[in-house]
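Engineer: turn this into a structure:
(one chain, ligands or ions: 2)
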Amino acid sequence: MRRVSILGATGSIGQNTIDLIARAPNAYDVVALTGAGNIEQLAKDARRLKADVAVTAHDHLLEDLRTALEGSGVEAAAGTPAIAEAAARPADWVMSAIVGAAGLAPGLAALQQGSTLALANKESLVCAGQLMLSTAKTHSARLLPVDSEHSAVFQALVGEDMAAVERIIITASGGAFRDWPIEDLANATLDQASSHPNWDMGQRITIDSASMFNKAMELIETREFFGVEPKQIEVLVHPESMIHAMVGFRDGALMAHVGPPDMRHAIGYALHWPTRCDLPVARLDLAEIGQLSFRAPCETRWPALRLAREVMQAGGLAGAVFNAAKETALDGFIAGQIGFNDMAAIVEDVLTQMSAPRGHIDATMSLDNVAKVDHLARQEATRAIHKRAG
Ligand code: NAD
Ligand code: MG
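Structural biologist: Ligands and ions are numbered 1, 2, ... in the order given. This is a model prediction of the structure:
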């Protein structure tokens, strides 16, 4: 039996992972499930999957979790350190599906155990890519991509030599506002930004898709995962979300990965890698789909893409600043304090503030320094939000 843990088990990726694991209950020994506020879901899944431990991020919910698990034999724990401890329990495969920078420390803890880490939490690569990669190397742990684009690239690279790779193209649906007049974006509401044309995902990543901050983070994620130069990575708007990524080779060939917009494909690929197993995803009927379309991304509509390129150029801890500022600006938009376009403006302000002098950016990439820079960037972003909110 394979020992598996799911960090962020109650979220969209976590639930899709559980869907796959629950189909073959005898194949998996579930070690840890973690969540935050949704105690009912966490306890229900922990009972059903007979997990060793269930952990909520919120200390004050420990009693609720204990009550919900009474008589099940599942251990209950709470708090951020308890999540990292659960991630450090010996497991063969760990799904990293916490949203935001909160996923970094637990992901590192799993890598330090030598576990295979299936990485949905792109924020950890954006904040601390080199630290993640070096930790994996030191502990002979493996990182597998779960983000659909990166899983697609990973699959297109099977058997290939990285030296033959000329470029990597990641696609973007364009999110909720792809076809809106640019001048209307300033007034986009939370509800409008929270609905995605193709994918059913958590609210934060859905809004990040509308602003393209999600794709901006994926540009950085691509650079870290595959070790290519920023100029080798392209974003292509592809409204149908059928082709997830393409890899271009020196001989001019483009290998495209085509599949339905269902995260269970990428999760299942990481779960069964290096083999392929039956997965309960739709089979595409391309004759019925008829046409696929593509267009170049507009950087006026989506300034986040330009900011990601600046972050890659800056290097060091600029990614941690970028992510923290983005998370705080997103909180501000969700809370109704700032408008949709203010998110990119705030992230740009914070990057400018914290890049000269470069002291923070050039600090060694340790978990402590990433946390420090993250904290400062959140403070700067909060100040910028208050300034804009008047
Ligand atoms: P979600 O909001 O649906 O779920 C997030 C999970 O993290 C929940 O289990 C929640 O309890 C937990 N969580 C939230 N805050 C926490 C904290 N402070 N400490 C510990 N746990 C916390 O998010 P999601 O859409 O499943 O996304 C999860 C990750 O996967 C994100 O990094 C996202 O960018 C990435 N991802 C998601 C999709 C998708 O289709 N949903 C696709 C690609 C990548
Ligand atoms: Mg993606």
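Engineer: buried residues in stretch 11-28, which are they?
Structural biologist: Judged by neighbour count using 16 or more other C-beta atoms under 10 Å, the buried positions of stretch 11-28 are 11-18, 20-21, 28. For the C-beta atoms, the positions are set from N, CA and C on the backbone; glycine is no exception.
Engineer: can you list the domains in the protein?
Structural biologist: 2-145, 151-289, 315-389 (automatic domain parsing).
Engineer: disregarding residues adjacent in the polypeptide, which is nearest to the residue in the stretch 1-150 of the chain that ligand 2 sits nearest to?
Structural biologist: When distances are taken as C-beta to the ion, the stretch 1-150 of the chain reaches nearest to ligand 2 at Asp147, 4.1 Å away. Distances taken as C-beta to C-beta, 6 or more residues apart in numbering place Lys122 nearest to Asp147, at 5.6 Å, with adjacent residues excluded.
Engineer: what sits against Thr17?
Structural biologist: 6, 9, 95, 97, 267, 271 (C-beta atoms under 8 Å, 6 or more residues apart in numbering).
Engineer: quick one on the thing from earlier: wait, the residue of the stretch 1-150 of the chain closest to ligand 2 touches Ala266, no?
Structural biologist: Yes - between Asp147 and Ala266 a contact is recorded at 7.0 Å, counting by C-beta atoms under 8 Å.
Engineer: re earlier: neighbours of the residue nearest to Asp147, just the number please.
Structural biologist: 28 (other C-beta atoms under 10 Å).
Engineer: need the contact list for it.
Structural biologist: 147, 217-218, 221.
Engineer: just those residues: which are in helices?
Structural biologist: 217-218, 221 (DSSP state H).
Engineer: could you export these as JSON lines, including pLDDT and neighbour count?
Structural biologist: What follows is the ones in helices among the contacts of Lys122, written out as JSON lines (pLDDT from 0 to 100; neighbours: other C-beta atoms under 10 Å):
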{"residue": "Met217", "pLDDT": "98", "neighbour count": "25"}
{"residue": "Glu218", "pLDDT": "98", "neighbour count": "27"}
{"residue": "Glu221", "pLDDT": "98", "neighbour count": "28"}
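Engineer: nearest to ligand 1, of the residues you listed?
Structural biologist: Set against ligand 1, the nearest of those by C-beta to the nearest ligand atom is Met217 (7.4 Å).
Engineer: and the closest one, how far is that from Pro274?
Structural biologist: For Met217, the distance to Pro274 (C-beta to C-beta, to the nearest Å) stands at 27 Å.
Engineer: contact residues of the chain facing ligand 2?
Structural biologist: 147-149 (C-beta under 5 Å from the ion).
Engineer: and the gap between the residue in the stretch 251-390 of the chain positioned nearest to ligand 1 and Leu20?
Structural biologist: Across the stretch 251-390 of the chain, the shortest distance to ligand 1 (C-beta to the nearest ligand atom) belongs to Met263, at 4.4 Å. According to C-beta to C-beta, Met263 and Leu20 sit 10 Å apart.
Engineer: and what of Ala188?
Structural biologist: 34 Å.
Engineer: before we move on, what about Asn198?
Structural biologist: Counting by C-beta to C-beta, the gap from Asn198 to Leu20 is 21 Å.
Engineer: repeat for Gln337
Structural biologist: Distance from Gln337 to Leu20, by C-beta to C-beta: 38 Å.
Engineer: for Ile169, what is the enclosing helix or strand?
Structural biologist: strand 165-172 (DSSP states H and E).
Engineer: before we move on, what about Leu305?
Structural biologist: Going by DSSP H and E, Leu305 is in helix 303-314.
Engineer: mind checking if that helix is in reach of ligand 1?
Structural biologist: No - counting by C-beta under 6 Å from any ligand atom, ligand 1 is not contacted by helix 303-314; separation bottoms out at 13.9 Å.
Engineer: what separates that helix from the chain centre, distance-wise?
Structural biologist: 17 Å (C-alpha atoms, centre = their mean, to the nearest Å).
Engineer: downstream neighbour of that helix in the secondary structure list?
Structural biologist: helix 318-334.
Engineer: for that following helix, buried residues please.
Structural biologist: 318-333.
Engineer: number of residues surrounding the residue of the stretch 101-250 of the chain found nearest ligand 1?
Structural biologist: The stretch 101-250 of the chain approaches ligand 1 most closely through Gly202 (2.6 Å), counting by C-beta to the nearest ligand atom. Using other C-beta under 10 Å, Gly202 has 16 neighbouring residues.
Engineer: same question, Arg167
Structural biologist: Arg167 has 16 nearby residues by other C-beta under 10 Å.
Engineer: ok, it touching Gly248?
Structural biologist: Yes - counting by C-beta under 8 Å, Gly248 is a contact partner of Arg167 at 4.2 Å.
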